[in-house]
Structure formats: structure tokens, C-alpha cells
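Chemist: Structural data only, the sequence is not supplied:
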Ligand SMILES: [Fe+2]
Ligand SMILES: [Fe+2]
């Protein structure tokens, strides 16, 4: 097989990638076209109006607002979406430490209509990082990797419960072991790219193609600036983005 | 059929959407996975390095760099890509007035490997605006609409050879007459959305769901600012983005 190859998603799956120009976050809308049940992965507070209009235009029923992890760079739209769509429940991993209606962990399924995401635990960027995988015809055809694996990169490991050894294991044992054609959709990109594949990251990821020891050294030497939105984002995300629920309010 | 529905692209078609944060331009990489022949639609000069790396990583042969029209908001990457990939030819419509290796018009086909785009003439934003359509299983499954049709909007008609009556006819007679499920990929979006469909634009496009007369009035009253990059972009794009070929150099 060549480097460029493709897999097909179900013909009755709606899939929309959405972007936040401020935090460079990708939000994903998925829906089962038969039942109209939908989920949003990693919605952003400031873009809840946009997402609400799109969900209404497409006449979808938002069932879950799911976070791959407790974000440090933007406030989740989950809490606000629950106000707009009363039947919507928030979802996150228990290990995130954040509040949510439904806690999910490795082996769980996020079900919307006749479709489902399989939940993988991929800690390292934070303890609670999850990766979501949609299967079709017996193979993974969409994987949402959060900040565990980015296009030619990965999430930082110097904040929250960051641990580069753990991240290395997560990416190699949970994500890069999927079939080479598997499309990977990250929580962020800073170069204008929208997706990658297992094959490409195994060949070209500048950090994760290295040995574990080299990877740990690379991550230690990154010397990244203090995350500019972390002091505002983390407390808000611990209460699901509902600012009125902040302890100091 | 519900508002949310999906069509399948060929399993041996590589399709990558790329974005420029400066001019909000979408660039599209398409390749035939069997032959590795590839085309880029609307590449941006400042991102030629990114696009070159991706094409090299995917081991593709770039055959054509195609512009939907002569852009006023960014300089095309076409000329620079031809230097990086000597076998690459530039393509644009004759009506654009711009220089290119190959001129295309309605009814022509842009062939890469076993795949092809059908060329439609969709003037109104400029005289030379083209829309490209990829068919699969006897129906359109991808349409690249340039600035003729944007998500819930359309390109401006107050510059270049802009004519709102012409644009209205182009969009209705060439684009919105395709099957409702047809996914539409614009040259720009300013809201973080990545694609739309014929069904959605027929139902929700704020301008193009109006009558022709109302549309003309809406476009007349937009009162948009002078395009900030036009004085630099237009002369450069007339010579295919090769700045050394500018008459005043
Ligand atoms: Fe994060
Ligand atoms: Fe334009």
C-alpha cells in the first residue's frame, strides 16, 4: 500500500469537523443519519452559538457533549450546550477529575443512534485523556486522539498530570497499533492541517518515531511557555464549563 | 431523507483539506492512491513549504496546481510549487485573465491518475470562477465551489468583474441543482466550518435562498471594506504567483 490511502466511513454517518481560530481547537460533530442522534466532541464555549445553529439546521438531537480530556487552553462548551439542548448529557473520563453527567473509561461505548465510539484510555498529556474510535466493516475508520497524538506532534506533558513516559506508551500501544490506513483526528492543529493517519505518524511524527528515552528527553527540553489560558480554563472545565458553578462565584 | 446525510468518496481517493489562518483560505489536496498522481486546489504562497512536505510525505506526484479563480485575498502558491515540483503544471480558466500552463473551461476535465474533476463555469464573483466536481458511482460526491458559494454565504461581487445577477444564476444553475446530499467545499470560511451540502445551502443560505432581485439588493447593500490584500494579490496572481515575473520587477 502506498502512503496515500483512504478508508470509507459509513454512508449514514454525518461527520463535520469544526475549528476555533482562538485556541486552534477542533470540535467534531457526529450523527447517525437514520435516527438524527448526534454527539459533539470537544466543543468550545465561545462557539456554542455556531454549533447550536448547525445542529438545529441539520435537525439533529444532541445526545452527548464529550470531552477527550479536561482542557487547559479553552473553556468547554459542554455546560452551555446542556442549556441549549436539555436532553444533552456531558461526558468525560472519571480520571479527568472534572464534573460530568456520565463518566466514561476504556472499554465503554459512546452510543448515538446506530453508531458508537469505542473509548480508549490514552493518558500522558493528562491522566484522564481518552481516544475515541469509530469502526465500520470490522475496522477503525475514524479515531479522535484528543491531545495524545497531534499531526506530526503530541500534547505537552509539563502541566496537569503530564508524564511523557506514559504518553509514549499510550500513543504506541493504543493509537499507532491500529491499521495503517486509520484516519486520525486530533483536538488541535497549529499548521492548518485537518487530519493524519496511523501510517503517516508512524513514519513522520518528529517525536514519537524516536525511542522512549529520546522522546522523554525531547519533551523535557521543549521549554514551553506557561499555558496562557490555563488559569481561566482549568477551574471552568472542572465544572463542565458552567461558570456559575465555579466555587468562587 | 433527513437534513443530515452523507455520500461516500472513492476508497482509493486521498482527500485532504488544508487551511490558511491569514486569508482564511482552504486548499485541497486530492490524489489517486493507485497512481500517486495528485492535484492541489487553491494553494497559498506562504504555505508552500507545508504543502510540499505533505506531498513528499505522502509520496505523491503533483501533477497540477489549480486555481478556482484569480484570487484577490492571497497570493497563489502555484508558481512556487512549480519550482518545487518541476512536473507540476498550473491551471486556471482563460477568463481569469491570469497566466497559466493549462487553461480550463466548462466541460473540461482535470485528470489525475484514474480520477478526474469536471469543470463548471460559475462566474459572478469574477468572470473566470470555476467549480470542480468529482463523481463516484454516477453521482457528484465532492464539489469545490471556490468563492461562488461559501457556507451560508457567497463571494463578494463588488470587485474584479463582480456581478451579483451572474453569481445568482451560476450558483442556482450549476451548484444548487446537484443532488441534495452533494458535499460542498468552499475556498474560504470565516466561522471555523469546513464544509456544507447542497441541501443545507438550499435551505439556509441567507443570501441565495432569496429571489434574484432580493439577492442583488443584499449584495449592493453589503458595503464591504476595500479588500486589504487586493493590490498585492491581483498583480501577483495574474502571473501565477511568480513574483519575479511581475511587470514592475
Ligand atoms: Fe489539552
Ligand atoms: Fe476570491
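Modeler: Structure received. From a predicted model like this one, the values you see are computed outputs, not experimental measurements. Residues are numbered from 1 along each chain as shown, chains lettered A, B, ... in the order given. Ligands and ions are numbered 1, 2, ... in the order given.
Chemist: Compute the distance between residue A:132 and residue B:8, please.
Modeler: Distance of residue A:132 to residue B:8, computed by C-beta to C-beta, to the nearest Å: 21 Å. Glycine gets a C-beta too; all of them are placed from N, C-alpha and C.
Chemist: Neighbour count for these two, which is higher?
Modeler: Neighbour count, other C-beta atoms under 10 Å in any protein chain shown: between residue A:132 and residue B:8, residue A:132 has more, with 25 against 12.
Chemist: So the more buried one sits against residue A:118, correct?
Modeler: Yes. Contact criterion C-beta atoms under 8 Å: residue A:132 and residue A:118 qualify, at 7.1 Å.
Chemist: Tell me the predicted confidence for the closest residue to residue A:199 other than its chain neighbours.
Modeler: The spatially closest residue to residue A:199, leaving aside those adjacent along the chain, is residue A:180, at 3.8 Å (C-beta to C-beta, 6 or more residues apart in numbering or on different chains). pLDDT recorded at residue A:180 is 95.
Chemist: same check, this time on residue A:8
Modeler: Confidence for residue A:8, expressed as pLDDT, is 89.
Chemist: Spit out the contact partners of it.
Modeler: Neighbour list for residue A:8: A:136, A:137, A:141, B:8, B:9, B:11 [criterion: C-beta atoms under 8 Å, 6 or more residues apart in numbering or on different chains].
Chemist: For these, work out which two are farthest apart.
Modeler: Maximum pairwise distance in the contacts of residue A:8, criterion C-beta to C-beta, is 15.5 Å, between A:137 and B:9.
Chemist: Mind jotting down where the strands sit in chain A?
Modeler: A:13-20, A:25-32, A:37-41, A:61-66, A:89-93, A:102-104, A:109-112, A:115-121, A:130-136, A:139-146, A:183-186, A:196-197 (DSSP state E).
Chemist: and the residue of chain A found nearest ligand 1, what does it touch?
Modeler: Using C-beta to the ion, the single residue of chain A nearest to ligand 1 is residue A:147, 3.8 Å away. Contact analysis of residue A:147 by C-beta under 8 Å, 6+ apart lists A:68, A:69, A:125, A:126, A:129, A:154, A:155, A:156, A:186, A:187, A:188.
Chemist: Switch those residues over to CSV, and while doing so, append distance to ligand 1, pLDDT and neighbour count to every line.
Modeler: Below are the contacts of residue A:147 laid out as CSV (distance: C-beta to the ion, whole Å; pLDDT from 0 to 100; neighbours: other C-beta atoms under 10 Å in any protein chain shown):
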residue, distance to ligand 1, pLDDT, neighbour count
A:68, 8, 98, 27
A:69, 6, 97, 27
A:125, 6, 97, 30
A:126, 7, 97, 29
A:129, 8, 98, 29
A:154, 11, 98, 27
A:155, 5, 97, 28
A:156, 8, 96, 18
A:186, 10, 98, 26
A:187, 7, 98, 28
A:188, 8, 98, 20
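Chemist: which residue is nearest the centroid of chain A?
Modeler: Nearest to the geometric centre of chain A sits residue A:146, at 3.1 Å (C-alpha atoms, centre = their mean).
Chemist: Looks like that one contacts residue A:122 (just checking).
Modeler: Yes. Assessed by C-beta under 8 Å, residue A:146 is found in contact with residue A:122 at 7.1 Å.
Chemist: Give the residues shared as contacts by these two.
Modeler: Contacts common to residue A:146 and residue A:122, judged by C-beta under 8 Å, 6+ apart, are A:129, A:130, A:131.
Chemist: closest to residue A:225 among those?
Modeler: residue A:129 (21.5 Å).
Chemist: contacting residues for that closest one?
Modeler: Listed by C-beta under 8 Å, 6+ apart, the contact partners of residue A:129 are A:68, A:69, A:93, A:121, A:122, A:123, A:146, A:147, A:148, A:155, A:170.
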